[in-house]
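K.L.:
take a look and give me a structure for this.
(chains A and B)
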Amino acid sequence: MLYSKLFGKTKKKVSQQFEAKSHELLTKAGFIDQVASGIFNFLTLGKKVLTKIENIIKEEMNALGAQEILMPSLHPKTLWQQTNRWDTVDVLFKTESQLGQEYAFAPTHEETVTPLAKKFIKSYKDLPLALYHITAKFRDEPRPKSGILRGREFGMKDLYSFHENKDDLKNFYQKVIDAYLKIFKRCGLSNIKITEASGGSFTKKFSHEFNVLTPAGEVDLLYCQKCSFAQNEEINQLKPGDSCPKCKGVLKKDRAIEVGNIFDLGTRFSEAFDLTYTDKKGKKQYPFMGCYGIGTTRLLGAIVEVSNDEKGIIWPFDISPYQVHLLGLDLKDKKVKNMSYNVYHQLLNHGIEILFDDREEVSAGEKFADADLIGIPIRLVISQKTGKKIEFKKRFEKTPLIIDFSELISKI
RNA sequence: CGGAGCGUAGUUCAGAUGGCUUAGAACGUGCGCUUUGGGAGCGCAAGGUCGUGGGUUCAAGUCCCACCGCUCCGACCA
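P.N.:
Down below sits the predicted model:
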């Protein structure tokens, strides 16, 4: 992509009222644009990152044996009345058709996935089943905040699983925990803290939340500095400084943001929609269900919260909008210009995603500043100074290397 | 929904004890020249229902009321 053609521009300043780092940086660097409170446009760069995050999630979901489908965002009122949630979920966005029929903008999809499953699950042979999709979710938040971290419309992956019995659910549930940790790690977050919402009582429901430690977060977390153990502040009897019940590490307290949660739904929804299957003995049974969410847009924001410096964003390689940011300086010099375009095209031919700052009228300083702000992990510079060589620098490093083109590919 | 702050050019902000005349600056944009290793310089130009509606006044960007919107703190967060 030629930078001169890229939709979206960097800004020198954004509103001083923005508190969250991710809100500021993503706006400044031209990844997002606010439409209204809690509602955002994703520009070219932002959409690229989001797509990469979604693809990582899809790969891990598919590896679990889950199948991607697509369910609607408009849900008729009757579905939500069947689960008794039309009047009890107060963040539910509601709307009405011209004829007065009422609908909800879906904040989650148990109300569609369960009736859908009911049409196809007839026998124990149809189980287990896992379905997921990635769509916009809607929540009528009284107070959206921190830009993309807490919106009224946001991206979410939701997975639903159906099982013959509780053990099979638990088994799958554990696999999802592992898949989630893989996903977050691939997105550059290796320090995820997991809270467990209940004890081990057989009849009790269980749930887990996946948290990223950041001051921009909304919950106070008591967490272990060595392992992934964590507890919400309200429910624990432990204190900072105590030792971790799992690994004896030292507990600490900080703010965190929840980027994923998973929970055991039991038979609540299968009962509500009378979803049953016939077991081996010919008896009707309610499947056990689990649901598993990852806020994709929030995850993107959380990554920026923990991966930046005073100059801008620092993208983890696997989710960066481009892998390489090539800066052409002195482009009015024909030799430099030819070489820059040459390198650009050769890297493209190697299948490398590259953003080429081809602007001729812009000073070197501005190009450097933009590159640091946008945060692509590898920066290349070609100029009169570099001659026939190329300057190579990683975003988080201070000093560049001067290399030959032949060395370049192997370093990316 | 309680509390606080804010709303003036594309953006970030001055102007606020009513009257400096034609509402400013910087950045950005367009044109010309100059310039290219850390957000360069000069000149010219375009760009405004001062959030909306009402009120007070000879006179309102400025004071009063209502509404709308944005940000932050809190409550809320299936």
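K.L.:
look up phi and psi at A:Q81.
P.N.:
Dihedral pair for A:Q81: phi -70, psi -30, per degrees, to the nearest 10.
K.L.:
what about it, distance to A:M289?
P.N.:
Counting by C-beta to C-beta, to the nearest Å, the gap from A:Q81 to A:M289 is 19 Å. Bear in mind the C-beta positions are built from the backbone N, C-alpha and C, glycine included.
K.L.:
show me which of these two is the more surrounded one.
P.N.:
Between A:Q81 and A:M289, A:M289 has the larger neighbour count (other C-beta atoms under 10 Å), namely 24 against 13.
K.L.:
just the element for the more buried one, please.
P.N.:
Per DSSP states H and E, A:M289 falls inside strand A:288-295.
K.L.:
residue contacts, A:V113?
P.N.:
Residues near A:V113 by C-beta atoms under 8 Å, 6 or more residues apart in numbering: A:71, A:131, A:160.
K.L.:
that one looks like it's in a helix, true?
P.N.:
Yes: remark: A:V113 belongs to a helix, assigned using DSSP: H, G, I helix; E, B strand; the rest coil.
K.L.:
circling back to that earlier point, what about the strand holding A:M289, average pLDDT?
P.N.:
For strand A:288-295, mean pLDDT rounds to 97.
K.L.:
now do the next helix or strand after it against strand A:288-295, angle only.
P.N.:
Once strand A:288-295 ends, the next helix or strand along the chain (criterion: DSSP H and E) is helix A:296-306. Interaxial angle, helix A:296-306 versus strand A:288-295 (axes from the mean of the first three to the mean of the last three C-alpha atoms, to 10 degrees): 50 degrees.
K.L.:
other SSEs contacting helix A:296-306?
P.N.:
With contacts defined as 3 or more C-beta pairs under 8 Å, 6 or more residues apart in numbering; DSSP states H and E, helix A:296-306 has these neighbours: helix A:21-28, helix A:44-63, strand A:153-163, strand A:207-213, strand A:251-266.
K.L.:
how close does A:G282 sit to A:Y124?
P.N.:
Taken as C-beta to C-beta, the span from A:G282 to A:Y124 is 10 Å.
K.L.:
do the same with A:G293
P.N.:
Counting by C-beta to C-beta, the gap from A:G293 to A:Y124 is 27 Å.
K.L.:
neighbour count winner among the two?
P.N.:
Ranked by neighbour count (other C-beta under 10 Å), A:G293 and A:Y124 place A:G293 first, with 23 against 17.
K.L.:
find the closest residue to RNA strand B in the stretch 251-400 of chain A.
P.N.:
In the stretch 251-400 of chain A, the residue that lies nearest RNA strand B is A:G365 (2.5 Å; C-beta to the nearest atom of the strand).
K.L.:
number of nearby residues for that residue?
P.N.:
By other C-beta under 10 Å, the residues close to A:G365 number 8.
K.L.:
ok, now the one 5 residues further on?
P.N.:
As a burial measure, A:D370 scores 20 neighbours (other C-beta under 10 Å).
K.L.:
and the one 3 residues further on, by the same measure?
P.N.:
The local packing count at A:L373 equals 18, with neighbours defined by other C-beta under 10 Å.
K.L.:
quick check: closest non-adjacent residue to it.
P.N.:
Setting aside the residues directly before and after it, A:L373 is nearest to A:G312 in space (C-beta to C-beta, 6 or more residues apart in numbering), at 3.5 Å.
K.L.:
state the helix or strand in which the closest residue to A:K388 other than its chain neighbours lies.
P.N.:
Counting by C-beta to C-beta, 6+ apart, A:M339 is the residue found nearest to A:K388 once chain neighbours are left out, at 7.3 Å. Here A:M339, judged by DSSP H and E, is contained in helix A:334-349.
K.L.:
other SSEs contacting that helix?
P.N.:
strand A:324-328, strand A:354-357, strand A:378-382, helix A:405-411.
K.L.:
buried residues in it?
P.N.:
By neighbour count on 16 or more other C-beta atoms under 10 Å, the buried set for helix A:334-349 is A:336-337, A:339-341, A:343-344, A:347.
K.L.:
paired strands for the helix-or-strand element of chain A with minimal mean pLDDT, with orientation please.
P.N.:
Sorted by mean pLDDT, DSSP states H and E, the helices and strands of chain A end with strand A:229-232, the least confident at a mean of 88. Take DSSP bridges as the rule and strand A:229-232 pairs in its sheet with strand A:192-196 (parallel), strand A:219-224 (antiparallel).
K.L.:
sorry, back to before: how far away from the center of its chain is the helix or strand where the residue of the stretch 251-400 of chain A closest to RNA strand B lies?
P.N.:
Taking DSSP H and E as the criterion, A:G365 maps to helix A:364-374. Offset of helix A:364-374 from its chain centre (C-alpha atoms, centre = their mean, to the nearest Å): 26 Å.
K.L.:
quick check: buried residues in it?
P.N.:
Across helix A:364-374, burial judged by 16+ other C-beta under 10 Å covers A:367-368, A:370-374.
K.L.:
next one: stretch A:386-402
P.N.:
For stretch A:386-402, burial by neighbour count (16+ other C-beta under 10 Å) applies to A:386, A:390-393, A:395.
K.L.:
the host helix or strand of A:H75 vs RNA strand B: in contact?
P.N.:
Assigned by DSSP H and E, A:H75 belongs to strand A:74-76. No: judged by C-beta under 7 Å from any atom of the strand, strand A:74-76 stays clear of RNA strand B, getting no closer than 13.3 Å.
K.L.:
and that strand, what does it pack onto?
P.N.:
strand A:102-105.
K.L.:
mind listing the strands the strand it packs on pairs with, and their directions?
P.N.:
Short version: by DSSP bridges, strand A:102-105 pairs with strand A:74-76 (antiparallel), strand A:93-96 (antiparallel).
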